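**Q** Turn this into a structure:
(one chain, ligands or ions: 1)
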Amino acid sequence: MKTVSQIDNNALAEILFPNTNLTIEQMEEKFPKRNLKDGARVTRYAPSPTGFMHIGNLFTAFVSERVAHTTDGIFYVRIEDTDKKREVENGVEGILRDLESFGLAVDEGAKGQNEDKGDYGPYRQSMRKDIYHVFAKYMTEQGYAYPCFCTAEELDEIRSKQEAEKLDMGYYGEFAKCRELTLDEIKSKIDAGVPYVVRLKSPGTSEGKAIFDDMIKGKIEMPENRQDIVLLKTDGIPTYHFAHAVDDYLMGTTHVVRGDEWISSAPVHLQLFKCLSKRPPKYAHVSPLMKEENGGKRKLSKRKDPEAAVSFYFEQGYPALSVREYLLTLANSNFEDWRKPNPDAHQDEFPFNFKKMSPSGALFDLVKFNDVSKNVISRMTADEVYELSVKWAETYDKDLFAKLIQNPEFSKGIFSIDRGGNKPRKDIAKWNEISEYTEYFFTAPQNVEMPENVLAEDVKAILEKYVEVYNPDHTKDEWFGAIKEICEPLGFSPDVKAYKQSPESFKGHVGDVSGIIRLAVTGRKNTPDLYAIMQLLGKDEVISRLNK
Ligand code: GLU
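**A** Below is the predicted model:
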């Protein structure tokens, strides 16, 4: 038999949601439990389409993706667009494009402007109003929700009183005056068209505790929630809190990976799951990425740090693989130890672990990131470097683009030099360095300054002599042999050791001679393997540069 108050609750639910006929059970039939193997984790990235992606958002999304895909689980994207004020045009597309550009594999979720993929949608909160109302109706029937007609002025009054009396702020307990409205009062207000929100009737007490085991931060204990927070706004759209509980329940999220600014709301969320009689997901609250400043640490800031925006990485031309590699070093303290013995393993093979995440926030260091990126690029094939840098240049450096695609084989030849083998060169961190890196391959050096320790007449003599012995058919050893050969007649030592024993007997040594040749051919003191460079440039070009 139903008690009087239950009858009232059911009647209230009918008044508030007359058109909501589905039940939670019917919802559960429509969105059944996912059929995944034991231990598979379901995670999501749940951005609001505000148009700006912070590297911290990408970090959280990536952690979420790794957690799912290292356990054969599901990673999906849900768009949290219940706050239309914050929404930016094309914000959704922008986020999805960024995720794709960084190579985060999304199994389900919002796709294009209005498109979805997966059986647990719609994956945009603005399209789920009816679903939220099913759960809100259930909460009302259970006595956990009621309408609140308080105006902004009334809420201000409550606030002033609490401030004056130094009480806890908010809408709770004795301050929650709409809790006491009778069904008749409610009915007549609604009939009169008075706007209202639907609030949680919080079962929390001032002694109660909210306790949970955060996957990253460990055991967390906080005062239980006592606030009658808003579940549905006046337009019937849910707040983040309520939508989170409903969506993550129905979509089968096992682990909610989100920014740690949400920790303070966790007691509300745990209570909502309790009121819905559903088991809450596990929570993993990710600390913000930090930056070192004046010996201290602060959050990486959208305002102060260009590297905070993900657009920075595209513009500079960092490969997605480098960004992910660095984010992994930040995410798991043992990643670098794993990488050392596995230099060629794909990063997806790394066994990601929540326990290895820093509870206090990892330090983002651009210098370190550049080193990581150099390493990553040094392990790419010449073809990969070519494809990726061409793709970047097409948008960001038209001149470079034209040069690179003019003769793909030649361009790939440049990237092949000193690539492969155990000790590949590590001198490119990002594609916007390619223009400088490849310059002398495309344009003969101009006005080269020769080193001070070699006389101008000797420079001339070295180059004239070298043109005579230079033979493009030489092997690398023969090539070096030819350089040594011209040393002695010109007064240079072919042997560095001999030179060091009696420097006064020579004008210099073979290193100085090859340095002059290098400068003449490339205009630079340091380059990758000069023999390979000369082979690639070809006989005519080399001779023309030597003669200049
Ligand atoms: N929409 C929330 C945000 O933008 C997501 C929080 C969550 O992942 O639950 O921060």
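**Q** Which helix or strand contains the residue nearest in space to the middle of the chain?
**A** In the chain, the residue lying closest to the centroid (CA atoms, centre = their mean) is residue 58, at 2.3 Å. Here residue 58 is covered by helix 55-69, with elements defined by DSSP states H and E.
**Q** elements contacting that helix?
**A** Contacting helix 55-69 under the criterion 3 or more CB pairs under 8 Å, 6 or more residues apart in numbering; DSSP states H and E are the following elements: strand 42-45, strand 74-77, strand 255-259, strand 282-286, helix 320-331. (Each C-beta comes from the backbone N, C-alpha and C, glycine too.)
**Q** how far off strand 282-286 does it point, in degrees?
**A** When axes from the mean of the first three to the mean of the last three CA atoms, to 10 degrees is applied, the directions of helix 55-69 and strand 282-286 differ by 150 degrees.
**Q** hmm, helix 55-69 touching the ligand?
**A** No. Under the criterion of CB under 6 Å from any ligand atom, helix 55-69 makes no contact with the ligand; the nearest approach is 7.4 Å.
**Q** Report the angle between that helix and helix 320-331.
**A** An angle of 90 degrees separates the directions of helix 55-69 and helix 320-331 when computed by the same axes, to 10 degrees.
**Q** Now find how far off-centre helix 55-69 is within its chain.
**A** Here helix 55-69 shows a centroid-to-chain-centroid distance of 7 Å under the convention CA atoms, centre = their mean, to the nearest Å.
**Q** can I have it written out in CSV, keeping just the CAs?
**A** As requested, C-alpha coordinates have been extracted for helix 55-69 and formatted as CSV (Å, rounded to 0.1, in the frame of the first residue of the first chain):
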residue,chain,number,x,y,z
ILE,A,55,46.1,21.3,-23.9
GLY,A,56,44.7,20.2,-20.4
ASN,A,57,41.5,19.2,-22.1
LEU,A,58,43.4,17.2,-24.7
PHE,A,59,45.4,15.6,-21.9
THR,A,60,42.2,14.6,-20.0
ALA,A,61,40.7,13.3,-23.3
PHE,A,62,43.8,11.3,-24.1
VAL,A,63,44.0,9.8,-20.6
SER,A,64,40.4,8.8,-21.0
GLU,A,65,41.0,7.3,-24.4
ARG,A,66,44.1,5.3,-23.2
VAL,A,67,42.1,3.9,-20.2
ALA,A,68,39.4,2.6,-22.6
HIS,A,69,41.7,1.3,-25.3
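**Q** Count the residues that sit near the residue of the stretch 51-200 of the chain found nearest the ligand.
**A** Residue nearest to the ligand within the stretch 51-200 of the chain: residue 80 (3.6 Å; CB to the nearest ligand atom). When neighbours are counted by other CB atoms under 10 Å, residue 80 registers 18.
**Q** wait, isn't it in contact with residue 45?
**A** No. Between residue 80 and residue 45 there is no contact, the gap being 10.1 Å when judged by CB atoms under 8 Å.
**Q** Burial check on residue 79, number of neighbours?
**A** Using other CB under 10 Å, the number of residues around residue 79 comes to 24.
**Q** what ranges of the chain fall below the confidence cut-off?
**A** The model of the chain has pLDDT under 70 over residues 1-4.
**Q** Enumerate the residues of it near the ligand.
**A** Residues of the chain that fall close to the ligand, judged by CB under 6 Å from any ligand atom: 46-48, 80, 244, 256, 258-259, 262.
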